[in-house]
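Trainee: Got a predicted structure here, sequence first:
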Amino acid sequence: MSVEEYPPRSAERELQTAADHFDRKKHPGLHEPDVLKAADKLLYDIYQAGKRSGIAPADWEWVTDLPRVCLLLTHSKKRSTNKGLHT
């Protein structure tokens, strides 16, 4: 991966793989484009923060499945917002 590609501008493939691990009926809304887009932005921002500290995207795998975490966080926020729980 070249310097220009690091961190990747889009982690769409990683996020789609994470989403595919969840049943659409049990987790409605998790696969929606706006959730995936928000998760992609969050993941990119985290990768940028890691880059500033010398942490490569692959280094995150030692501690967590970052694409999955970003997807679950953005989905949870959207559901909470739709229920009026977030301001």
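Mentor: Perfect, I can see it now.
Trainee: Got phi/psi on A56?
Mentor: phi -80, psi 160 (degrees, to the nearest 10).
Trainee: That one: neighbouring residues, count only.
Mentor: 13 (other Cβ atoms under 10 Å). (Each C-beta comes from the backbone N, C-alpha and C, glycine too.)
Trainee: Could you check the pLDDT of it?
Mentor: pLDDT, A56: 87.
Trainee: my guess is it meets L66, correct?
Mentor: No - the criterion here is Cβ atoms under 8 Å, and A56 misses it with L66 at 11.6 Å.
Trainee: what mean pLDDT does the longest helix anywhere in the chain have?
Mentor: What stands out as the longest helix in the chain, according to DSSP state H, is helix 33-52. For helix 33-52, the mean pLDDT works out to 91.
Trainee: got the CA positions of it in CSV?
Mentor: What follows is helix 33-52, C-alpha atoms only, in CSV (Å, rounded to 0.1, in the frame of the first residue of the first chain):
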residue,chain,number,x,y,z
PRO,A,33,-26.3,2.6,3.0
ASP,A,34,-26.4,5.6,5.4
VAL,A,35,-25.2,3.3,8.3
LEU,A,36,-22.4,1.9,6.1
LYS,A,37,-21.4,5.4,5.0
ALA,A,38,-21.3,6.7,8.6
ALA,A,39,-19.3,3.7,9.7
ASP,A,40,-16.9,4.2,6.8
LYS,A,41,-16.3,7.8,7.9
LEU,A,42,-15.8,6.8,11.5
LEU,A,43,-13.4,4.0,10.5
TYR,A,44,-11.4,6.4,8.3
ASP,A,45,-11.1,9.0,11.1
ILE,A,46,-9.9,6.3,13.5
TYR,A,47,-7.3,5.1,11.0
GLN,A,48,-6.2,8.7,10.6
ALA,A,49,-5.7,9.0,14.3
GLY,A,50,-3.8,5.8,14.4
LYS,A,51,-1.6,6.9,11.6
ARG,A,52,-0.6,10.0,13.6
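Trainee: Tell me which helix or strand comes right after it.
Mentor: As assigned by DSSP states H and E, the chain's next helix or strand after helix 33-52 is helix 66-82.
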